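Colleague: Build me a model from this:
(chains A and B)
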Amino acid sequence: MNADQTMTMLLHHGFIIYAHLWLIPLAPFVGFLVNGLFGRHLPKWLVTTVALLAPLASFCVVLCDSDRSFYPCVETFGQWISLGSLHVDFSFVLDQLSLVMLLVVTGVGFLIHVYSVGYMHDDPGYARYFSYLNLFLFFMTTLVLAGNVLLMFVGWEGVGLASYLLIGFWFQKPTAAAAGKKAFIVNRIGDFGFLIGIFLLLANFGTLTFSEIGAKLAVSPALTGGILTVICLCLLLGAAGKSAQLPLYVWLPDAMEGPTPVSALIHAATMVTAGVYLIARTHFLFDRAPIALATVAIVGAATAIFAATIALAQNDIKRVLAYSTISQLGYMFLACGVAAYSAAIFHLVTHAFFKALLFLAAGSVIHAIGGEQDMRKMGGLRKELPVTFWTMTVAVFTIAGFWPLAAFFSKDAILYAAFVHGTEGQILWFVGLLTALFTALYMFRLWYLTFFGELRSPDVHPHESPWSMRAPLVILALLSICGGWIGIMRFSSYLAPSVGVHQAVSHIPHLEWILTGAAVLAAFVGWLIADRYYLRKPQRPALLAVAMPAGYKLLANKYYVDEIYNAVLVKPLFAISRYVLGWIVDTAILGGIAWMLAGIASFAGMILQRWQSGNLRSYAAWLAAAAAAILLFVLLPELLRNFDFAIAIVRH
Amino acid sequence: MSFLQHDVPLNWYLLLSTVLFSLGVVGFLIKRNLITVFMSIELMLNAVNLSFVAFAYQWHAVKGQIFVFFVMMVAAAEAAVGLAIIIAVFRARNTLAVDRIDLMKL
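Modeller: Next up is the predicted model:
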């Protein structure tokens, strides 16, 4: 009896032990409710306990479900929409892909919750912060577990909401409030694409369930391109908005206004990878739409190098990491675009480890020197902050891609998959390689500026962070070291049932070794340049900036993309809103109609009010006159008849 | 009571009722004193009562008489409330002239 038969038998006999997937989102939701509703009145230790137990409980449920013998495990909790032939259920699906995502989301999420206890310790909005964080986990797990596109969209919007709330957490700061709005509005553009994609899926497949769409595609192998390309491009727009890809990446650097653990959890490790997850989840569509897939690859590669170059000239430590995140997400899109979905997810996992670590370590640095984020005012912190320094060192070497750290394996897998993807793949590979060089360069620049040399703020006394912040750093550092050792082969064969098998074959002998060597060489070159410029001769970068003012200004001002968007999109939109919609439509047309109606009413009132003399006897006279008139009206025919009768008698 | 039924026709009662009612209306319209106006209202009510009773006798229907009781009851309540209002008005304005109690005017 093979596995399928066993499963059928179990299904028929009702032997399946339910995985209780609903528990996974429920735990954070309960945490959100408790801390959101009563958090202000609860003692701090209770808030902390509730906030930490929620992700821990979810993580434990995920762990319990992780060794199931067969996937996908589908659980339906009732019907949501039933309209004609359209049926949408509240259904959760656990398969290899969602399991990997869930482990990352709840595991890294829990570590960042622990870190937040130390980081947010003195904040007056302590309970509010944790309720938002739990709300985020609720929506993120819903997004990952969703069995159909619509439920995924609910989670998708929900994480956007949580992101908005947490970016604007310090809403007293105008910049933070503006950054939250910016993130929300830019994401609307992406969500518009996602929604159109959902409608097109519904119109063309009649269902929104992932497995049913996949099954319908499987039975019609001739269906490629055409409408599928349109659907995939719409989904790509959604994914690019959420995952901060060109041209919708502009919200992510501004999102750094939020607390640093939020940047680590939402804007590095989990939420921004939702776009990659969406593409991997709907890979059966993208596989049939080569044009859309190529677009994904190009967008990814372009974003990767674009963001990496901007990161070279940023001085805010968190902004460097934000552009680094955008760049790494570009890698993942590049991997998706060459149909190496498992490599993309692999990099997603390792990235979650090392980028969360980078952000948390940066947060530890910021915490230690009293909220300063400008790297030009840091320096020499390796003695005062040993734990932060060593964990950050691990993270920097990991993201640069040195053996045997996690990103070495995942980045290699992506670059290899790109290289063997035909001629255009080699261009993509070269862009990826160049990005790897820049990545190493800006990360070591950050490392040197922060931890080496002399402290450039004389009146600051750095102090190492509390244990609740150090422990997550150490755990994430261990994960960043070991996270890649599973290897891409084992990882992709594990994920194969979810994302399909895309075996990249090469005819060049020892190609993998050559590409690996090139990648590591690029990382070394980046390190070497950073070493020369930022450690040995710290005055050199300034000289370079003076020597090439145009290039430096272009990078330091982020290619003026924000300014261009402002001039091309935001300003005209404001002008149209104010002058056309505001003045003409609202004030002139709608307001004019309203004023006209009001004018008619008040004119009529002016005439009728003469009646209301306030004189009791005039009212009574009107009343009596009206009564007499009605009486006359009723009795007149009778009177007339009697009158005729009388005349007749007289004549007679 | 049989002479009522046989000797005086219904029309006479109705005529009397009409006269009383018209007196009430005219009094209501031309009198200035609030109390006189009030009495005119009572007069109108009693005119109506008279026609009710007359019809009730004519048609041997007890409903009319029951209705008269209702009207009397309402009139009594109205008298109580109305007189209270008149006293309050007099205290506030020091006059009972209907023409000068015109605060409702815009």
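
Colleague: Number of residues surrounding the residue of the stretch 1-150 of chain A found nearest chain B?
Modeller: Scanning the stretch 1-150 of chain A for the residue nearest chain B gives residue A:37, at 51.5 Å (criterion: CB to the nearest CB). Glycine gets a C-beta too; all of them are placed from N, C-alpha and C. Residues near residue A:37, counting by other CB atoms under 10 Å in any protein chain shown, number 12.

Colleague: now do residue A:368
Modeller: Neighbour number of residue A:368 under other CB under 10 Å is 21.

Colleague: ranges for the helices of chain B?
Modeller: Using DSSP state H, the helices found in chain B span residues B:2-7, B:10-30, B:34-59, B:63-93.

Colleague: Quick check: what element follows the one helix or strand residue A:187 maps to along the chain?
Modeller: Take DSSP states H and E as the rule and residue A:187 turns out to sit in helix A:174-205. Counting by DSSP H and E, the next helix or strand C-terminal to helix A:174-205 is helix A:210-219.

Colleague: just checking, next helix/strand downstream of that next one?
Modeller: Scanning forward in sequence from helix A:210-219 by DSSP H and E, the next helix or strand is helix A:227-242.

Colleague: who does the helix or strand just after that next one touch, helix- and strand-wise?
Modeller: Using DSSP H and E, the helix or strand that follows helix A:227-242 in sequence is helix A:251-254. Packing contacts for helix A:251-254, counted by 3 or more CB pairs under 8 Å, 6 or more residues apart in numbering or on different chains; DSSP states H and E, involve helix A:174-205, helix A:317-337.

Colleague: residues of the longest one that come out buried?
Modeller: In this case it means helix A:174-205. For helix A:174-205, the neighbour count (16 or more other CB atoms under 10 Å in any protein chain shown) marks A:176-177, A:179-180, A:182-184, A:186-187, A:189-191, A:193-198, A:200-201, A:204-205 as buried.

Colleague: Just the buried residues of stretch A:610-624, please?
Modeller: A:615-617, A:620.

Colleague: what residues does chain A put near chain B?
Modeller: Residues of chain A lying near chain B by CB under 8 Å from any CB of the partner chain: A:609, A:612-617, A:620-621, A:624.

Colleague: so can I have a markdown table of these showing secondary structure?
Modeller: Shown next, in a markdown table, are the residues of chain A next to chain B (DSSP: H, G, I helix; E, B strand; the rest coil):
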| residue | secondary structure |
| --- | --- |
| A:609 | helix |
| A:612 | coil |
| A:613 | coil |
| A:614 | coil |
| A:615 | coil |
| A:616 | helix |
| A:617 | helix |
| A:620 | helix |
| A:621 | helix |
| A:624 | helix |
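
Colleague: just curious, which of these is nearest to residue A:133?
Modeller: For the residues of chain A next to chain B, the residue nearest residue A:133 by CB to CB is residue A:609; the value is 61.9 Å.

Colleague: where's whatever residue of the stretch 501-650 of chain A ends up closest to chain B relative to residue B:76, distance?
Modeller: Using CB to the nearest CB, the closest approach of the stretch 501-650 of chain A to chain B is made by residue A:614 at 2.6 Å. Separation of residue A:614 from residue B:76 (CB to CB, to the nearest Å): 29 Å.

Colleague: tell me the mean pLDDT over stretch A:100-108?
Modeller: Averaging pLDDT along stretch A:100-108 gives 93.

Colleague: what comes up buried for the one helix or strand residue A:431 maps to?
Modeller: Using DSSP H and E, residue A:431 falls within helix A:422-451. Going by neighbour count (16+ other CB under 10 Å), the buried part of helix A:422-451 is A:425, A:428-451.

Colleague: Show the contacting residues for the nearest residue to residue A:335 once chain neighbours are set aside.
Modeller: Closest residue in space to residue A:335, ignoring its immediate chain neighbours: residue A:344 at 3.7 Å, by CB to CB, 6 or more residues apart in numbering or on different chains. For residue A:344, the contacting residues are A:276, A:279-280, A:332-333, A:335-336, A:414, by CB atoms under 8 Å, 6 or more residues apart in numbering or on different chains.

Colleague: circling back to that earlier point, now for the helix holding residue A:187, which elements pack on it?
Modeller: Partner elements for helix A:174-205 (3+ CB pairs under 8 Å, 6+ apart): helix A:149-167, helix A:210-219, helix A:227-242, helix A:251-254.

Colleague: With mean pLDDT and mean neighbour count as added columns, please give those in a markdown table.
Modeller: Formatted as a markdown table, the helices and strands packed on helix A:174-205 follow (pLDDT from 0 to 100; neighbours: other CB atoms under 10 Å in any protein chain shown):
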| stretch | mean pLDDT | mean neighbour count |
| --- | --- | --- |
| helix A:149-167 | 94 | 22 |
| helix A:210-219 | 90 | 15 |
| helix A:227-242 | 93 | 24 |
| helix A:251-254 | 92 | 25 |
